[in-house]
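[1] Turn this into a structure:
(one chain, ligands or ions: 1)
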Amino acid sequence: MADPKPFPPLKNDLILRAARGEKTERAPVWVMRQAGRYLPEFREERVMNDFFKICRTPELATKVTLQPIDRYDGLLDASIIFSDILVIPQALGMEVEMVPGKGPHFPDPLVKPEEVHTKLKESVDVNKELQYVFDAITMTRHALNGRVPLIGFVGAPWTLMSYMIEGGGSKTLSKAKEWLYKYPQESHELLRRITDVCVDFLVGQVRAGAQMLQVFESWGGELGPHEFEQFSLPYLAQIATRVKEILGRDESVPMTVFAKGSWYALDKLAVIGYETVSLDWTYSPTAAKAVTKGRVTLQGNMDPSVLLGGDEAIVATATRMVREFGSTGRYIANLGHGILPSVPVEGMELFLKTVHRVGLEVAAEEKAKEIKSDMNILG
Ligand SMILES: Cc1c2[nH]c(c1CCC(=O)O)Cc1[nH]c(c(CCC(=O)O)c1C)Cc1[nH]c(c(CCC(=O)O)c1C)Cc1[nH]c(c(C)c1CCC(=O)O)C2
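    Okay, here's the model as predicted:
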């Protein structure tokens, strides 16, 4: 059960308005993986606690979610719940460890197609398996005290399937791809099962207090256009449609899809039910705007490595990004992928401050232009 106490009123709704296509007084900004290893206060917490213990303990997840919000006070326009995309494979019955310095490891990954039936639970009760995430969301929403909206998330089916078969990170995803070609039927069965959990999990996150949702197809770009249309896009579409159907108009929240590397699919990603499409740094903002034609809000897309490149590079690149996207509507500033653990905290701060400054400048210029054209019409 969600906490029955009403949530504090929201003081900054910039990101929700930008996602809905309304004009904003500046471009909102947040950063993927903003709570995590580049923050000394997070590293301190990790010395004491295992990664998944933090995820499973609402007090700790709340504390870590708030770390970047407190450190960059007033500079971030959204928070994202501290968790991981791999909590879904865990809910399906798989063991996942987070190995420090290495990343996720599945001691017993899916090897044979029949293991979809033998190794995974037939159905998952998210209220039982993932209640700890819902509790963390409710607690965090209260602790945020309305400062910024709280984003919930899931990993997309293809990305999760890849982890479940590869057993961890992989350069080629050759085992997961072998499944797609050799066992297409079982692959679809697996993708369907994951999709069902994604839908229930996202609905539960909204009911627990999430005010926006993001779906991470981090390994989308490993597929070619044909395979993406078969094995990723239909499930991404189903997730948006089904989540909104269940929540209905009154309860629905804006949804973002991030299919990293799937530039060839941008036109399609703009019409499958998401308000926002998140872009990696290989897109030019101008080209992305030309393809999406204002049908969705765009989010992104600075290369995270720029934050390692020193002050001059950060200011120049962030300025160019905000100017090219334009900032008074349909734009949410972010990086093109998660922030890297080696980023200095000052680099992140300079990025956020630059986005604020340039966002306000662009908004003022656009306003002045509007007034001028109104006067021309009148005059
Ligand atoms: C692919 C993926 C994963 N997890 C996630 C993705 C999709 C986004 C992306 O593509 O970057 C999503 C994720 N993971 C984490 C969050 C928390 C919230 C936030 O963004 O601030 C989110 C949104 C925490 C985390 N997830 C992880 C950490 C570091 C773990 C540690 O402390 O050892 C954190 C803070 C571990 C993790 N989790 C995963 C990997 C590959 C790794 C290891 C490498 C890495 O750290 O980037 C899987």
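[2] beta partners of the residue in the stretch 51-200 of the chain positioned nearest to the ligand?
    Closest approach of the stretch 51-200 of the chain to the ligand (Cβ to the nearest ligand atom) occurs at G103, with a separation of 3.3 Å. To be clear about C-beta, it is placed using only N, CA and C from the backbone, and glycine gets the same treatment. For G103, the beta-bridge partners are V99 (DSSP bridges).
[3] Determine the longest helix present in the protein.
    helix 345-378 (DSSP state H).
[4] helices or strands next to that helix in the packing?
    Applying 3 or more Cβ pairs under 8 Å, 6 or more residues apart in numbering; DSSP states H and E, one finds that helix 345-378 contacts helix 311-325.
[5] Which residues are in contact with the nearest residue to R26 once chain neighbours are set aside?
    The shortest distance from R26 to any non-neighbouring residue, by Cβ to Cβ, 6 or more residues apart in numbering, is to G359 (3.5 Å). Contact analysis of G359 by Cβ atoms under 8 Å, 6 or more residues apart in numbering lists 26-27, 29, 322, 327, 333.
[6] quick one: A259 and A270 touch, right?
    No: if you go by Cβ atoms under 8 Å, A259 and A270 don't touch, sitting 11.5 Å apart.
[7] Give me the more crowded residue out of these two.
    Set A259 next to A270 and count neighbours by other Cβ atoms under 10 Å: A259 wins out with 29 against 18.
[8] which residues in the protein form strands?
    Under the criterion DSSP state E, strands of the chain are mapped to 79-80, 97-99, 103-105, 150-155, 212-217, 255-259, 276-278, 297-302, 331-335.
[9] next one: the fifth one to chain centre, how far?
    Spelled out, it's strand 212-217. 4 Å (Cα atoms, centre = their mean, to the nearest Å).
[10] got the contact list for that strand?
    So strand 212-217 is in contact with 15-16, 19, 78, 80, 85, 149-156, 158-159, 198, 202, 205-206, 232, 236, 239-240, 243, 253-260, 262, 274, 278, going by Cβ under 8 Å, 6+ apart.
[11] Also within reach of the ligand: list those from those residues.
    Contacts with the ligand within the contacts of strand 212-217, as defined by Cβ under 6 Å from any ligand atom: 80, 85, 153.
[12] Make CSV from these and add neighbour count, distance to V126 and pLDDT to it.
    Putting these into CSV (neighbours: other Cβ atoms under 10 Å; distance: Cβ to Cβ, whole Å; pLDDT from 0 to 100) gives the following:
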residue, neighbour count, distance to V126, pLDDT
I80, 23, 19, 98
I85, 18, 15, 98
F153, 22, 14, 98
